[in-house]
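# Make a model of this:
(chains A and B)
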2 protein chains.
Amino acid sequence: MKEDVKGITAKKDKDFSEWYTQVIQKAELADIRFGIQGFIVHQSWGFRIIRKIYEYLEKEIEKDNHEPFLFPISVKEKDLMREKEHAGFNPEVFWVSEAGDKKIEERFALRPTGEAQIYPIYSLWIRSYKDLPFKGYQSRISVFRNEKTTRPFLRGREFLFFESHDVFSTNEDALKQVKKDLKISKKVIYNIFKIPFLFFKRPQWDKFKGAVNTFTPDTLMPDGKRNQLASTHDLGQNFSKAFNIKFIDKDEKEKYAWQTCFGPGIWRIMAATIGIHGDDKGLILPFKIAPIQIMIIPINFSKNNISKDKIEKRCVELSKELKNFRVKIDYSNQSPGFKYNYWDLRGVPIRLEIGPKELESNSITLIKRTDGQRFSIKIENLKKEILNHSKLLNEKIKKNANDYFKNKIKETQSFEELVKIIHNYKGFIKVPFCSVDLDGEKCSGILKEKTNGGNVCGTIYPKEDRLKKDDKCIVCGKKARNIVYIAKSY
Amino acid sequence: MKEDVKGITAKKDKDFSEWYTQVIQKAELADIRFGIQGFIVHQSWGFRIIRKIYEYLEKEIEKDNHEPFLFPISVKEKDLMREKEHAGFNPEVFWVSEAGDKKIEERFALRPTGEAQIYPIYSLWIRSYKDLPFKGYQSRISVFRNEKTTRPFLRGREFLFFESHDVFSTNEDALKQVKKDLKISKKVIYNIFKIPFLFFKRPQWDKFKGAVNTFTPDTLMPDGKRNQLASTHDLGQNFSKAFNIKFIDKDEKEKYAWQTCFGPGIWRIMAATIGIHGDDKGLILPFKIAPIQIMIIPINFSKNNISKDKIEKRCVELSKELKNFRVKIDYSNQSPGFKYNYWDLRGVPIRLEIGPKELESNSITLIKRTDGQRFSIKIENLKKEILNHSKLLNEKIKKNANDYFKNKIKETQSFEELVKIIHNYKGFIKVPFCSVDLDGEKCSGILKEKTNGGNVCGTIYPKEDRLKKDDKCIVCGKKARNIVYIAKSY
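Numbers count the residues shown, from 1 in each chain, chains lettered A, B, ... in the order given. Below you'll find the predicted structure:
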């Protein structure tokens, strides 16, 4: 598949949308030619990055005592209707109603998310306080929603999913889990994937259907749009009442359980990794998540075969020494320049070059994807230098991402200014607002209309910004109750 | 979920079917109460065993240079029709034809298997001999077939899948891959999971729809039924012609590619693991695949709390020392006897008991699931002894499985005898047959009818049994061309 793909032609700063599309195609992350709208093929390079997202999430969620399970792809129609608000998903639901050339007696839905399929079974599994907390999750699955517009890794009719579903005997334990979920988000999304975010409590009118409250870590894409990276829901007893999840407590009384659920956006983390770290040459990947961490490139300038053989022999020796890393040698017949561009486009963190010069001097030339600077390394220091440079690379990616993300918050108290800047401002606009819990829907509607899609992300959680004494809602002018963040959304 | 589940009440030898159902329920492998026929919930204990099947397969298939990818769940109707024989799947296909309350413009199918969705994309990816061999696979996915009868881990409407799809420039390379796939089957299914099998070339009338030839490793379940553990298909150029997978060869001519595909039966390997290794107490698991390898049980006979604390402290020390294994301590308030049965039912390979006696003598009591014998182990030898006993356990499981599988082949040359014994004989019956390649369908039909479902597995591959000079087809009496194996099928 190594076609003569030329590099990215779009500039990330000037035309992010085109740049993003080109990176996905040219780095072979996904093939959008599958032919059914909103369904994409995850190609090997992209899929191996996504597998890392899954692996780190699985590791962290199991450390937090979640048991893995796997539910079917299907949901019963009557279960989808059981929680009234949650049934709001139904217009987006795909139905399987035929098999072969016959109608199915009882049609079933492709799950839009797991609650309606998992909780009827939880009501069978959970009987006593001894069963609680009960923490389960499923990973490496898909969900299905008939979305109007679709975009790879941002919105699809089939998209990759991960969900944990926890059941507690008290509301207090449930609320503690929300904070644990935030910690897991931070560990994986920020520490490993180096994606900075703000953690919001979402407004009541934009929470998960059926939840008491929804919490989301949100980052910003270079086009200024909010990218919701995960969501954690405090479900209270809404679902346990709808799905009859009860337990006998220590006092021998039967009670409805308290629930939370957590869903990192696998695709959204991928989209942020592409969009935030990448540059005009293509992807940039933190060392831990790169499918290939080190690419060794033999430089065969001379036509002298003995030298070529010697160089390739050295490359093999080095790759053996580096066997604890994900390392490859590019033996292809392409020119060194072609190879540099090819692997830079795919974001390989470290490139090692071995030519006649290096052979002679027992050295290696090391280049990091982040800055392209050339380092001459003594062969005996190789492993140490790889560790050192991989650390420097990670630090650079993190610093770049943090620099990009800071100063992305602008304050205003004027609706006029907000309306004026929201089209061009690539960040969060922080404003006083009447309330995210009460009559916000009206003000939010006006805001959405006047700003052409401006979206109230919510309030910072857990430490909400403090209001000043005279803060007035930027839309209706009544006394403000919250400082909220507004951004454009996908 | 630790209900007061009593042990298995059915005897494996006397009523395998009931025993199998009870193990699945009581060891919490799968919950069949999901409410849509043929769709089951994979519970944590079962799912963690299945995850091991996936992990080992992924490791081996990637060692054989396959790249992971992920295709959507959907297939276009017109792609399903492209290979005529393969379109034979269609009566089993589920269709998504509605979304919300509207008809979808172009309905799509839930994939019954990957060919029809993958090969249209392969025809875009593969251009030149330089792209070949192209080896890709997808793992941890489901496929969907509207089967009439369903049984957990044996046949489902949704069942777990793994498939590799390889493309070559020559038929020779493709046929070599068939043998590599056999090797991978052997490594995972036999070496790791300890499931013995015979490798068959299937008869022409029972091959994969659209393949030139199908090869399968088959084992036998204790009820005497053939369990097909995987299948490898030599696709020849059938699919490359139907899906237009062409490449420019070194001679600059455009040619159709040669293809193979390989699909280990994830569920079938699970079913064999349960059925072949288990005993009247429940599951027996090889050490490498057990979700928990070592269960530490504190024995608190005395009411004296100091002793209890000391015992639990010792348990924690031991579990720390064994941290490279999957080890747990059962602190629950149940009696030791309850705990033994509980973990024996789930197949935990090694149990360690620590009571006042062990505390005093600086020893540990070690019991293996396979024989229940008690060993007193010096604390300083713990790790060494664990390694030693886990090896003995694996050897015992392997030996039991091999003993079970050998002598499961009976020869006969009389159709009368075959008809008489096939109901009761729990194994393969080896008979001369007219031909698996030619007019077998007629003889096979008669055989099926007269034996109430007897099924020709095929001929042994790669070394087919030799015919004797006068061997006559057991059904029609004409000159036999093959020695074939017959067994009942699920």
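# what's around A:Ile486, how many residues?
A:Ile486 is flanked by 27 other residues according to other Cβ atoms under 10 Å in any protein chain shown. Yep, even glycine has a C-beta here, placed from its N, CA and C like the rest.
# so it touches A:Ser444, yeah?
No. Using Cβ atoms under 8 Å as the test, A:Ile486 is too far from A:Ser444 to be in contact (9.5 Å).
# quick one: common contacting residues for those two?
Each of A:Val456 lies in contact with both A:Ile486 and A:Ser444 under the rule Cβ atoms under 8 Å, 6 or more residues apart in numbering or on different chains.
# just the strands in the stretch 351-490 of chain A please.
A:363-368, A:374-378, A:409-411, A:428-433, A:454-460, A:482-489 (DSSP state E, counting those that start in this stretch).
# Mean pLDDT added to the ones you listed, as JSON lines?
Putting the strands of the stretch 351-490 of chain A into JSON lines (pLDDT from 0 to 100) gives the following:
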{"stretch": "strand A:363-368", "mean pLDDT": "98"}
{"stretch": "strand A:374-378", "mean pLDDT": "97"}
{"stretch": "strand A:409-411", "mean pLDDT": "94"}
{"stretch": "strand A:428-433", "mean pLDDT": "95"}
{"stretch": "strand A:454-460", "mean pLDDT": "91"}
{"stretch": "strand A:482-489", "mean pLDDT": "93"}
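# Which among the ones you listed is found nearest to B:Cys261?
Among those, the nearest to B:Cys261 by Cβ to Cβ is strand A:363-368 (39.6 Å).
# Run the angle between the closest one and strand A:374-378 for me.
Using axes from the mean of the first three to the mean of the last three Cα atoms, to 10 degrees, one finds that strand A:363-368 and strand A:374-378 are set 140 degrees apart in direction.
# Quick one: distance of strand A:363-368 to the chain centre.
On the basis of Cα atoms, centre = their mean, to the nearest Å, strand A:363-368 sits 32 Å off its chain's mean C-alpha point.
# Please apply the same query to stretch A:194-201.
With Cα atoms, centre = their mean, you get 11 Å for stretch A:194-201.
# re earlier: what's the closest of the strands of the stretch 351-490 of chain A to A:Lys180?
Comparing the strands of the stretch 351-490 of chain A by Cβ to Cβ, strand A:454-460 comes nearest, at 18.5 Å.
# now the helices: where do they sit in the stretch 201-350 of chain A?
Remark: helices assigned in the stretch 201-350 of chain A by DSSP state H, counting those that start in this stretch are A:238-243, A:266-277, A:305-321, A:336-345.
# mind listing what's buried in the shortest one?
Just to be clear, that refers to helix A:238-243. Buried residues in helix A:238-243, counted by 16 or more other Cβ atoms under 10 Å in any protein chain shown: A:Asn238, A:Phe239, A:Ser240, A:Ala242, A:Phe243.
# What of stretch A:411-431?
A:Thr412, A:Phe415, A:Leu418, A:Ile422, A:Tyr425, A:Gly427, A:Phe428, A:Ile429, A:Lys430, A:Val431.
# you'd agree the last one is up against A:Lys472?
Read it as A:Val431. No. Judged on Cβ under 8 Å, A:Val431 makes no contact with A:Lys472 at a distance of 10.1 Å.
# overlap in contacts of those two?
Contacts common to A:Val431 and A:Lys472, judged by Cβ under 8 Å, 6+ apart, are A:Gln413.
# How about the contacts made by A:Arg48?
Per Cβ under 8 Å, 6+ apart, neighbours of A:Arg48: A:Pro291, B:Pro68.
# hang on, the earlier thing: okay if I get the strands of the stretch 351-490 of chain A as JSON lines plus distance to chain B?
Formatted as JSON lines, the strands of the stretch 351-490 of chain A follow (distance: least, Cβ to the nearest Cβ, whole Å):
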{"stretch": "strand A:363-368", "distance to chain B": "25"}
{"stretch": "strand A:374-378", "distance to chain B": "29"}
{"stretch": "strand A:409-411", "distance to chain B": "37"}
{"stretch": "strand A:428-433", "distance to chain B": "32"}
{"stretch": "strand A:454-460", "distance to chain B": "23"}
{"stretch": "strand A:482-489", "distance to chain B": "22"}
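# With distance to A:Phe208 added, can I get those in TSV?
Converted to TSV, those look like this (distance: least, Cβ to Cβ, whole Å):
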stretch	distance to A:Phe208
strand A:363-368	41
strand A:374-378	49
strand A:409-411	25
strand A:428-433	20
strand A:454-460	12
strand A:482-489	15
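# What residues does the stretch 151-300 of chain A have near chain B?
A:Glu158 (Cβ under 8 Å from any Cβ of the partner chain).
# so where's the longest helix in chain A?
Looking across chain A with DSSP state H, the single longest helix is helix A:382-405.
# got the angle between that helix and strand A:374-378?
150 degrees.
# pLDDT on helix A:382-405, on average?
If you average the pLDDT over helix A:382-405, you get 98.
# In that helix, which residues are buried?
Applying 16+ other Cβ under 10 Å to helix A:382-405 flags A:382, A:385-386, A:389-390, A:393-394, A:396-398, A:400-401, A:405 as buried.
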